[in-house]
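*Asks:* Sequence plus the predicted model coming up.
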Amino acid sequence: AENEAVEQVAFADRILLNKTDLVSEAEELDRIEARLRGINGFAPIQRCAHSDVSVGSVLGINGFDLQRALKASPTLLDAREGETKHDASVTSVSIDQGAARHMRTVQQGALDLALLQSWISQLLEERGGDMYRMKGVLHIAHAEQRFVYHAVHMIFSGSFDEPWGDDEPRESKMVFIGKNLDEKELRDGFNACIDTPEVLEKRIKTLRFAMGTKVECKTGGGWVKGEVVAHMYRDEFMPPGMVAPYQVKLDSGELIWAPEDVNNLIRKG
């Protein structure tokens, strides 16, 4: 049976801890808050009595979207789904490159956008039912803007947002909330997306065409012949974070790049 109370906490963008006036021991409130933060590590918790909270603190915050959540979990509001019970399998895992060195659980460095998208897609495909929420602000290689994303079950939304500040540390932060999360697996998956020379070399080895290979590229004017002159190509006119697998010099002398290593865009000449 689904644990509806735990799902509500996991989906929440704000948590109100009400009836605090009935609790005499502050330690008990601290214990309850700790349990809530164990399920949802990023939703602010506000203590209150008699539901006395300002309207502005809970309305118009542009947070959780019920319709989106219902598409991801159609039984979310179905009272027949089972009795509410304590579910210790629901936890949250945080990844923070800005954490103090002795508390940091991941490597530092910018993330490769293609590897990141592949990793998140795999997570949602394989664990989407158990992954209640994901949220993050990410430092992507070859991008001056921060990448902000939010996922509810298998529904993902992400885009480049405001530029990083001149004096702002470019560090990635992610939060996962779900059932039976494997913290080491998530850390390892994150580390595998960091843009390093070793990762770049591995990606080059997976490409189909070596330097100097004669190829044909699909362009607006049809298939044109050329030669591979660079791997993992990047220039300032490309979209943020994008790295092309190939730069190709056409027989006409023009230089172009292939956005993906797929046969309907680039093939052997």
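*Replies:* Everything's here; your move.
*Asks:* in the protein, which helix or strand is least confident?
*Replies:* Within the chain, no helix or strand scores below helix 66-72, which has a mean of 45 by mean pLDDT, DSSP states H and E.
*Asks:* What strands flank the helix or strand just after it, and is each parallel or antiparallel?
*Replies:* Moving toward the C-terminus from helix 66-72, the next helix or strand (DSSP states H and E) is strand 90-96. Strands adjacent to strand 90-96 in the sheet, as given by DSSP bridges, are strand 173-179 (antiparallel).
*Asks:* Let's test this: mean pLDDT of the strand it pairs with, rounded?
*Replies:* Averaged over strand 173-179, pLDDT sits at 89.
*Asks:* Name the residues that touch that strand?
*Replies:* Residues outside strand 173-179 that contact it (C-beta atoms under 8 Å, 6 or more residues apart in numbering) are 10, 39-42, 87, 89-98, 127, 130-138, 186, 190. Glycine gets a C-beta too; all of them are placed from N, C-alpha and C.
*Asks:* Could I get the full set of helices for the stretch 51-200 of the chain?
*Replies:* 66-72, 113-127, 183-191, 197-206 (DSSP state H, counting those that start in this stretch).
*Asks:* packing partners for the longest one?
*Replies:* I take that to be helix 113-127. If you count contacts as 3 or more C-beta pairs under 8 Å, 6 or more residues apart in numbering; DSSP states H and E, helix 113-127 packs onto strand 131-138, strand 145-152, strand 155-163, helix 183-191.
*Asks:* Please identify the most buried of those.
*Replies:* Mean neighbour count (mean count of other C-beta atoms under 10 Å) peaks for strand 131-138 among the helices and strands packed on helix 113-127, with a mean of 22.
*Asks:* and that one, what other elements does it pack with?
*Replies:* Other helices and strands packing on strand 131-138, by 3+ C-beta pairs under 8 Å, 6+ apart, are helix 4-11, helix 113-127, strand 145-152, strand 173-179.
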